[in-house]
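[1] sequence and predicted structure, then a few things I'm wondering about:
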Amino acid sequence: MDIVYFDLETQRTANDVGGWNKKHEMGMSVGVTYSTADAAYEIFSEQRVEDLVARLRRADLVVGYNVINFDYHVLMGYTTLDLPYLLSTLDLLVDVEKAVGRRLKLESVAQGTLGVGKVAEGLDAIRWWREGKIREVAEYCCFDVKVTRLVHEYGANHGELFYDDHFGNRVPMTVDWKLS
C-alpha cells in the first residue's frame, strides 16, 4: 500500500485574497509528499503542481492535517478536479476534531504525542516565499510532512494520540488508524 503524506505552503494569506472562502486564490509556493512505497520525499514547485496532483492521484491513501478543507482547496485553484471527493484521504484533523470536540493545531498534537513541535508557522513560510527563501519554505514543509507521518504512525500503532490542554495537562484521545 502506498500511503502518501502531503502538505503545502501558500504564496498568500487569506487576508491577501479576500478571505478563507478564496483558498483557491492563495497560490501554492511549495508542496511536499512522502511516499511509503518509495520511502522518499518529493518537493513540488508551483510549476510542477500538475505532477503533484498526479502523484496524489496514484496514492492508495493520502494522509495530511487539514488537507480536505485547506490544501486541496488551494490545489483546486490549478485543476478542475474535485480533490476532496476524488482522492482517498485520511485527514488527521477531521478525526482529532471528532475525538476532542474541537480543532487542534498539528503543533499541539505533535508536542503532546511526540514531544516535538513544529519548526515555524505558515505565516513564516509566506514571508520566506516573499523574500525568495524557497529552500527554507521547502525544509519547513518537509518537516511538517514528517511530523504528520510520525503522528499518524503513532496513532496507528497505539490507537491514541495526546495533546496538551490550556493547563499544561497531557490529554489522551482515541483514534482508529490501524495500518494493514
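    Arrived safely.

[2] please confirm that Glu42 is located within a helix.
    No. Counting by DSSP: H, G, I helix; E, B strand; the rest coil, Glu42 is not found in a helix; it is strand.

[3] ok, it - how many residues close by?
    17 (other CB atoms under 10 Å). C-beta coordinates here come from the backbone N, C-alpha and C atoms, glycine included.

[4] residue numbering should commence at 24 henceforth.
    Fine by me, first position is 24 from now on; the one you just mentioned is Glu65.

[5] which of the three states applies to the spatially closest residue to it that is not a sequence neighbour?
    What sits nearest to Glu65 in space, not counting adjacent residues and going by CB to CB, 6 or more residues apart in numbering, is Thr56, at 5.1 Å. Secondary structure for Thr56, judged by three-state DSSP, is strand.

[6] per-residue confidence for Thr56?
    We have a pLDDT of 98 for Thr56.

[7] so Val27 sits against Leu79, correct?
    Yes. Here Val27 reaches Leu79: they are 6.4 Å apart, a contact under CB atoms under 8 Å.

[8] overlap in contacts, these two.
    56, 85 (CB atoms under 8 Å, 6 or more residues apart in numbering).

[9] hang on, the earlier thing: burial count for the residue nearest to Glu65?
    Using other CB under 10 Å: Thr56 sits among 24 other residues.

[10] my guess is it meets Arg80, correct?
    No. Applying CB under 8 Å, one finds Thr56 not in contact with Arg80, separated by 11.7 Å.

[11] ranges for the helices of this protein?
    With helices called from DSSP state H, the chain shows them at 37-40, 72-81, 95-98, 106-109, 115-123, 129-137, 145-153, 157-181.
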